[in-house]
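Asker: Curious how this folds, go ahead:
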Amino acid sequence: ADFNYGADEYDAEGNEEPKALPEGSETMPYIDESPTMSPQLSARGQESGDGVSPTPTDGLGTGGERDAGKGLEMRKLVLSGFLASEEIYINQLEALLLPMKPLKATATTSQPVLTLQQIETIFYKIQDIYEIHKEFYDSLCPKVQQWDSNVTMGHLFQKLASQLGVYKAFVDNYKIALETAEKCSQSNYQFQKISEELKVKGPKDSKESHTSVTMEALLYKPIDRVTRSTLVLHDLLKHTPADHPDYPLLQDALRISQNFLSSINEDIDPRRTAVTTPKGETRQLVKDGFLVELSEGSRKLRHVFLFTDVLLCAKLKKTAVGKHQQYDCKWYVPLADLVFPSPEESEHCPQVHVIPDHELEDMKMKISAIKSEVQKEKANKGQSRAIERLKKKMFENEFWLLLNSPAIPFRIHNRNGKSYLFLLSSDYERSEWREAIQKLQKKDLQAFVLSSVELQVLTGSCFKLRTVHNIPVTSNKDDDESPGLYGFLHVIVHSAKGFKQSANLYCTLEVDSFGYFVSKAKTRVFRDTTEPQWNEEFEIELEGSQSLRILCYEKCYDKTKLNKDNNEIVDKIMGKGQIQLDPQTVQTKNWHMDVIEMNGIKVEFSMKFTSRDMSLKRTPSKKQTGVFGVKISVVTKRERSKVPYIVRQCIEEVEKRGIEEVGIYRISGVATDIQALKAVFDANNKDILVMLSDMDINAIAGTLKLYFRELPEPLLTDRLYPAFMEGIALSDPAAKENCMMHLLRSLPDPNLITFLFLLEHLKRVAEKEPVNKMSLHNLATVFGPTLLRPSEGESKGHLTLASDIWSHDVMAQVQVLLYYLQHPPISFTELKRNTLYFSTDV
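Answerer: The predicted structure is shown next:
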């Protein structure tokens, strides 16, 4: 017989796997204490001198079962052990309830730690469960202590079983309770501190007065307990004579419990598994997700599983249709052996091959073009086979993008020698993985080696336990899922407070597009402060985005760490937070103010959203003063110039000090700086040159883009737009050349001269591509829609869907500009001399 009722010997279905528990296991957070190890029981057995050892001898096994006296002795042993663990369970529930009262008290004050709703969700039914078990324990304890063979306690177990409805309510709420506790921990530092270390009283006879356990571990206890009570009933019945008055009562209690267990078996948290750690804890899945691993020089998509004590890297095996899918373990590292090498230590790591931006942009365009085709097919009730073919193509392209876009290194080293390198697209995600691992490493972990059978069982459990089921590409989304937002998000990062000491601080903003997160903007560094006031505005392009993340960093000025490859971020993350971009909230004309709480830090920001249609709307100018929104012919005539002054000055400044700036024209400047420059140019202020020389170069580049975007009609004109679209689609190179040159000649002189002036400038910028990372293609992507997109009246029929952003039109606009950028130099006089009689109606 085996009396260890810990959850670790039973898998989720309750099948027995007898295993001796190591010493001291009663303090483990994830298992219930074994009665044979209970200090009470061991001590009592030795003191009484009745020769009953905590682990029964063979004579008391099944062979001696016929002896009723011995059977009842076994019954006492089973009950003593259960009573000891019941005491520990009550102490655990008490520890869980302890913070509830003070939390409730603060909930009605001006500075609540949690809201009443959150408290109600996290501690749902714990008080009721505590009262049920306290009453049960108080009734059972005297019966076991004053033991005789006629003692009856079946009615107590029957009553306990009849109250299992409370557990059903607890189980139904369990997942939400865990998620709420996790979210509250992330957003509230006080609650995080409380939930990380709850003090559980030790048993009366134990030397240990308290043990520290996390709230997450304690919330799992009631689920564990139901299984355990059922197992105890099973053993009690086995050792109770059939003619004993308790027998029918225990039978009834067991029937109720088993029915209850089978009804909730499906609902119980899927992360529970029978696999145990070397210390006897239940090994649980803490986090899983898809990461790109650089393995033998090539990128591989892996599914990474973080368990209580081990990180396991797997790939899904290819299986025949209808066969059960399985994971194949590539490698694992026990957390006790896992270290994160610093950038200096990772010198020997393989160099990351970064895919050029223009290739990634090309792929995004292809994906978006396929998306519009799918939409068109659906709208025209197209054949499902054609739609499936397009979707398959889209999945292949999105998979390529997912594999090739990440470039931020996340290195993992096994103390015993081997290092592994993952590539992530977001520093937020990298820090999530790092923090989850470091949190688990705070526990007392042991190193181990898994046998091939153990590894097989653990890898086999991955499929059932995983929480991330699909590769994060949009083709895996259901049709009714939100497509996300397309357009421009304007964000002002105001300030932050809650820092313990002065530091050099800045924020970055990340949004998701094409299934993964990328960093889109960065504030300036605010030096030596606990309350940075950035007040910087950014315009972020959204491509099917659903979330905005803000990360707050402390700038590292340590020279030894700075000379790393571009993607090695050595600055320290002080806090991070995320909000959903709810279309209803965001899509208003007014600014929406919000606060993200992270790690005790509060970052204040405002945002508003402009759909892509609205953002590139050109409206006829009502004013004749200023330069923004005024026809280019009016401005050049007024200035008596061939190219508007604003275009000449911005280009001159970019060439003077911004031509080697990484991401020039792609990285958005601070919107408030751009607005200030706009006002100065509009007022024709004499301080323009001084202001330009002091201004951040990205703001000057942004002002030039804004000028072209706000022209009442595009630089390449509404009239010629359809002809440009048709000309770029011609297949014959000679016909295309004739047509594209003729279209330039057809432009009004101020438009043509300005366009050629800009063209030469962009070519000079692209010459510095090795330094500034801006290819001709990148520049065409940035400027194409700005110079060609028709004004409101002309574009009525052009765009139907918000998600058509990279639709056929935009791709063609980029291709037109790219054609001229790749063309040998074009001079105004040459063009005018070679006039061809060519119809603009191509």
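
Asker: what's the closest non-adjacent residue to the residue most central in space within the chain?
Answerer: Centroid check for the chain by CA atoms, centre = their mean gives residue 429 as the closest residue, at 5.8 Å. Nearest residue to residue 429, sequence neighbours excluded (CB to CB, 6 or more residues apart in numbering): residue 517, at 6.6 Å. Using the backbone N, CA and C atoms, a C-beta is placed for each residue, glycine as well.

Asker: Now do the domain split for this structure, please.
Answerer: Per the TED database, the domain ranges recorded for the chain read 68-268, 275-350+407-470, 485-614, 632-792+800-835.

Asker: Quick check: mean pLDDT of the first one?
Answerer: This predicted structure assigns domain 68-268 an average pLDDT of 84.

Asker: what does the second one give?
Answerer: Mean pLDDT, taken over the full extent of domain 275-350+407-470, equals 85.

Asker: before we move on, what about the last one?
Answerer: For domain 632-792+800-835, the mean pLDDT works out to 88.

Asker: show me what contacts the nearest residue in space to residue 362 that is not next to it in sequence?
Answerer: Using CB to CB, 6+ apart and skipping residues adjacent in sequence, the residue nearest residue 362 is residue 777, 7.3 Å away. Listed by CB atoms under 8 Å, 6 or more residues apart in numbering, the contact set of residue 777 reads 358, 361-362, 814, 818.

Asker: Mark which of these are buried, thanks.
Answerer: Among the contacts of residue 777, those classed as buried by 16 or more other CB atoms under 10 Å are 358, 361, 814, 818.

Asker: wait, is residue 409 part of a helix?
Answerer: No: using DSSP: H, G, I helix; E, B strand; the rest coil, the assignment for residue 409 is strand, not a helix.

Asker: Count the residues that sit near it.
Answerer: By the criterion of other CB atoms under 10 Å, residue 409 has 21 neighbours.

Asker: ok, what's across the strand from it?
Answerer: residue 423 (DSSP bridges).

Asker: So it versus residue 426, what's the distance?
Answerer: 13 Å (CB to CB, to the nearest Å).

Asker: Next: residue 318.
Answerer: 29 Å.

Asker: Those two: which has the busier surroundings?
Answerer: residue 426 (20 against 9).

Asker: ok, now which ones touch the more buried one?
Answerer: Here residue 426 is in contact with 408, 510, 516-519, 549 (criterion: CB under 8 Å, 6+ apart).

Asker: what are the C-alpha coordinates of stretch 430-442, in PDB please?
Answerer: In PDB, the C-alpha atoms belonging to stretch 430-442 read as follows (Å, rounded to 0.1, in the frame of the first residue of the first chain):
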ATOM      1  CA  ARG A 430      12.700  39.600 -25.000                       C
ATOM      2  CA  SER A 431      12.400  41.100 -21.600                       C
ATOM      3  CA  GLU A 432       9.200  39.100 -21.000                       C
ATOM      4  CA  TRP A 433      11.000  35.800 -21.600                       C
ATOM      5  CA  ARG A 434      14.000  37.000 -19.500                       C
ATOM      6  CA  GLU A 435      11.900  38.100 -16.600                       C
ATOM      7  CA  ALA A 436       9.800  34.900 -16.600                       C
ATOM      8  CA  ILE A 437      13.000  32.800 -16.500                       C
ATOM      9  CA  GLN A 438      14.700  35.000 -13.800                       C
ATOM     10  CA  LYS A 439      11.500  34.800 -11.600                       C
ATOM     11  CA  LEU A 440      11.600  31.000 -11.700                       C
ATOM     12  CA  GLN A 441      15.400  31.000 -11.000                       C
ATOM     13  CA  LYS A 442      14.800  32.800  -7.600                       C
END
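
Asker: Need the residues that contact that stretch.
Answerer: 286-287, 291, 304, 306, 308-309, 311, 335-336, 338, 340, 408, 410, 424, 551, 573, 576.

Asker: Name only those of those residues that count as buried.
Answerer: Using 16+ other CB under 10 Å, the buried members of those are 286-287, 291, 304, 306, 308-309, 311, 335-336, 338, 408, 410, 424, 551, 573, 576.

Asker: rewinding a little: confirm that the residue nearest to the centre of the chain sits in a strand.
Answerer: No: counting by three-state DSSP, residue 429 is located in no strand; its state is helix.

Asker: who touches the closest residue to residue 497 other than its chain neighbours in this structure?
Answerer: Among residues not flanking residue 497 along the chain, residue 531 sits closest, at 5.0 Å (CB to CB, 6+ apart). Residue 531 makes contacts with 495-497, 499, as judged by CB under 8 Å, 6+ apart.

Asker: Distance-wise, check residue 531 relative to residue 502.
Answerer: Counting by CB to CB, the gap from residue 531 to residue 502 is 9 Å.

Asker: With residue 106 instead?
Answerer: 29 Å.

Asker: Those two: who's more crowded?
Answerer: When neighbours are counted by other CB under 10 Å, residue 106 comes out ahead of the other of residue 106 and residue 502, with 14 against 11.

Asker: Tell me the buried residues in the helix or strand where the more buried one lies?
Answerer: Assigned by DSSP states H and E, residue 106 falls within helix 100-107. Using 16+ other CB under 10 Å as the test for burial, helix 100-107 gives 100, 103-104, 107.

Asker: Are there helices or strands packed against that helix, and which ones?
Answerer: Counting contacts by 3 or more CB pairs under 8 Å, 6 or more residues apart in numbering; DSSP states H and E, helix 100-107 is packed against helix 116-122.

Asker: other SSEs contacting whatever helix or strand comes next after the helix it packs on?
Answerer: Elements were assigned by DSSP H and E; along the chain past helix 116-122, the next helix or strand is helix 126-145. With contacts taken as 3+ CB pairs under 8 Å, 6+ apart, helix 126-145 sits against helix 68-97, helix 154-162, helix 165-187.

Asker: re earlier: please identify which of the buried ones among the contacts of residue 777 is nearest to residue 192.
Answerer: residue 361 (40.2 Å; CB to CB).
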